[in-house]
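Novice: with the sequence up front, the predicted model follows.
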Amino acid sequence: MKKPLPTRFWIIALAAVFALCVGLALLLARVGGERVVARVTVDGELLREIDLSAVAREDSFTIETSRGVNVVSVRPGAIRVSCADCPDQVCVRQGWLAGGRVPIVCLPHRLVISLAEGGDEEAFDAVSG
Amino acid sequence: MTRRLATALALLALALFPSALAEAPRTFFAMDTAMSVSAPTADAALLDACEREIYRLEALFSVTDPDSEIARLNAEGSAALSPDTERVLRFALETAEITGGALDVTLYPVVRAWGFTTGEYRVPADAEIAALLENVDWRQVSLSEAAAALPEGVMADLGALAKGYASDRLVEILTEGGVDSALIDLGGNIWCVGEKPDGSAWRIGIRDPLDPASVVGSLSVRGAAVITSGSYERCFVADDGAVYGHIFDPMTGRPAESGLISVTVTGASGLQCDALSTALYVMGAERAAALLPDLDGVEAVLVDSGGALWVTSGLKDSFTPMYAYQTAEIHWIG
């Protein structure tokens, strides 16, 4: 009859696997990697999360709230508000967002599109104005 | 020995886990704009305190909230003021004094007539503007300890300084809470606490007034506020096609046409940077260039309608023009 592996073996093995998993998660979080995830929120509430690096071709979707309409377009690695019925159109004029920490904001509609990962080149930590 | 090893590994894994959950930037809407506080070493309680402080200040200053101290001052002609309101109002009056009235907190009735607070934009007739201007005079505000009074028809609005002051208060809360690196963004009003976690300076872009998707250049910042006033921030297009901005000239009662389209001020006081960014915009490049060298610890980048830059010499090593502005004419100030 074969002897079963001792308990302490399993304790060590599980602890090692756990440490490995956590370490890997940290590594991925810090390096950022190629994955760029856009978060679309209205009034602080997350409506959509899109992995831009997984976008194959240009596509659009509409965000409609009691305050108004924003049409959001995505293409591989980037996202933008392509059309909106807000009076100032600041969100539309901001163009494609592909990296960095400066989000696209439609103030009248309380819509914010931000990137969860910094992307490879963070041009600015913030933009004044 | 193996049991200890197993325990050690398990404990190591557990120890690493919390740091993987560093607090994400706190974002929220207040003072009519999107705000964010990014402080990785701050815990949720400290970020909660920051958010609460913004709402507290908004409740004191808001000109449209009838319960605020400013609204009561405007409605009743006099009001008791808490230390924050008094501090901001006092600073506004001091700034009016040194800028020849370019910043005037009593402009509110004029700004309101143009529709900037209601969103119902219109161009008032000259006669209406002239009548409203009779009550625009910062010297009419009497401020004593913990109280203020205004004559009939005069109304105050701290909108030009509120976010700058609020950012200073957040810096106080964060530093008292042991945070030495943070990035505060209150609707484009930036405050860089310390330097970045990796020891490098913060890179702050100055939005290009002619292209919202681009920048004029970058500022290398450590421990300072960066606040920009621009013609593009809030504006409306009238029926005749003319574009009217939100920064008013207290002398004319109309959107300022000083030749400047963007003013960025950086320094250790958000309140001061905010107040000055508005005042300098109204003053225009020449008057701003004359005043800036007298202001200790204050640096600025101005963009004029011809695309030229006016930059204080203290920024020679920290301001870098970018894109089209790399070939712009630069007038060095001081």
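Specialist: Alright, I've got the coordinates.
Novice: need the residues of chain A near chain B, please.
Specialist: Residues of chain A lying close to chain B by C-beta under 8 Å from any C-beta of the partner chain are A:8-9, A:11-12, A:14-16, A:18-19, A:21-23, A:25-26, A:29, A:41, A:43-44, A:87-88, A:90, A:93-95, A:102-103, A:105, A:107, A:110, A:112, A:114, A:122-129. C-beta coordinates here come from the backbone N, C-alpha and C atoms, glycine included.
Novice: could you rerun that using 7 Å?
Specialist: Counting by C-beta under 7 Å from any C-beta of the partner chain, the residues of chain A close to chain B are A:8, A:11-12, A:15-16, A:18-19, A:22-23, A:25-26, A:29, A:44, A:90, A:93-95, A:105, A:107, A:110, A:112, A:124-129.
Novice: give me the PyMOL select line for these, limited to the buried ones.
Specialist: The buried residues among the residues of chain A next to chain B can be selected in PyMOL (16 or more other C-beta atoms under 10 Å in any protein chain shown) with this line:
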select buried, chain A and resi 11+12+15+16+18+19+22+90+94+95+105+107+110+112+124+125+126+127+128+129
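Novice: tell me which entries of the residues of chain A next to chain B lie within strands.
Specialist: Of the residues of chain A next to chain B, the ones assigned to strands by DSSP state E are A:105, A:112, A:126-128.
Novice: which two among these are spaced furthest apart?
Specialist: A:Val112 and A:Ser128 (17.8 Å; C-beta to C-beta).
Novice: so where's chain A shaky on pLDDT?
Specialist: A:1-2, A:24-34, A:117-122 (pLDDT under 70).
Novice: where do the helices of it begin and end?
Specialist: Remark: helices assigned in chain A by DSSP state H are A:7-31, A:90-93.
Novice: now these in a markdown table, with distance to B:Glu128?
Specialist: As requested, the helices of chain A are exported to a markdown table (distance: least, C-beta to C-beta, whole Å):
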| stretch | distance to B:Glu128 |
| --- | --- |
| helix A:7-31 | 58 |
| helix A:90-93 | 29 |
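Novice: would you agree B:Ile173 is in contact with B:Leu47?
Specialist: No. Contact criterion C-beta atoms under 7 Å: B:Ile173 and B:Leu47 do not qualify, at 9.5 Å.
Novice: quick one: contacts for the nearest residue to A:Ser82 once chain neighbours are set aside?
Specialist: In space, and not counting its chain neighbours, A:Ser82 is closest to A:Ser73: 4.2 Å by C-beta to C-beta, 6 or more residues apart in numbering or on different chains. Neighbouring residues of A:Ser73 by C-beta atoms under 7 Å, 6 or more residues apart in numbering or on different chains: A:58, A:60, A:80, A:82.
Novice: bridged to A:Ser73, which residues?
Specialist: A:Ser60, A:Arg80 (DSSP bridges).
Novice: quick check: closest non-adjacent residue to the residue nearest to the spatial centre of chain A.
Specialist: Centroid check for chain A by C-alpha atoms, centre = their mean gives A:Val37 as the closest residue, at 2.5 Å. Distances taken as C-beta to C-beta, 6+ apart place A:Ala116 nearest to A:Val37, at 4.1 Å, with adjacent residues excluded.
Novice: isn't that neighbour right up against A:Arg39?
Specialist: Yes. A:Ala116 is within contact range of A:Arg39, at 5.6 Å (criterion: C-beta under 7 Å).
Novice: for chain B, what's the longest strand?
Specialist: strand B:211-221.
Novice: run the chain-centre distance for that one.
Specialist: 16 Å (C-alpha atoms, centre = their mean, to the nearest Å).
Novice: tell me how many other residues crowd the residue nearest to A:Arg67 when sequence neighbours are not counted.
Specialist: Residue nearest to A:Arg67 in three dimensions, not counting chain neighbours: A:His109, with 4.6 Å by C-beta to C-beta, 6+ apart. Each residue near A:His109 was counted by other C-beta atoms under 10 Å in any protein chain shown, and the total is 22.
Novice: right, and A:His109 touches A:Val71 too?
Specialist: No. The pair A:His109 / A:Val71 is not scored as a contact, 11.6 Å apart, by C-beta under 7 Å.
Novice: one step back: as TSV, the ones in strands among the residues of chain A next to chain B with distance to B:Gly297 would be great.
Specialist: Listed next are these as TSV, based on distance: C-beta to C-beta, whole Å:
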residue	distance to B:Gly297
A:Val105	31
A:Val112	33
A:Ala126	21
A:Val127	23
A:Ser128	18
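Novice: state the distance from B:Val63 to chain A.
Specialist: B:Val63 sits at a distance of 18 Å from chain A (criterion: C-beta to the nearest C-beta, to the nearest Å).
Novice: from memory B:Leu170 sits against B:Ser38, does it?
Specialist: No. With contacts counted by C-beta under 7 Å, B:Leu170 stays clear of B:Ser38, the gap being 11.3 Å.
Novice: more neighbours: these two, which one.
Specialist: Per other C-beta under 10 Å, whichever of B:Leu170 and B:Ser38 has more neighbours is B:Leu170, with 26 against 20.
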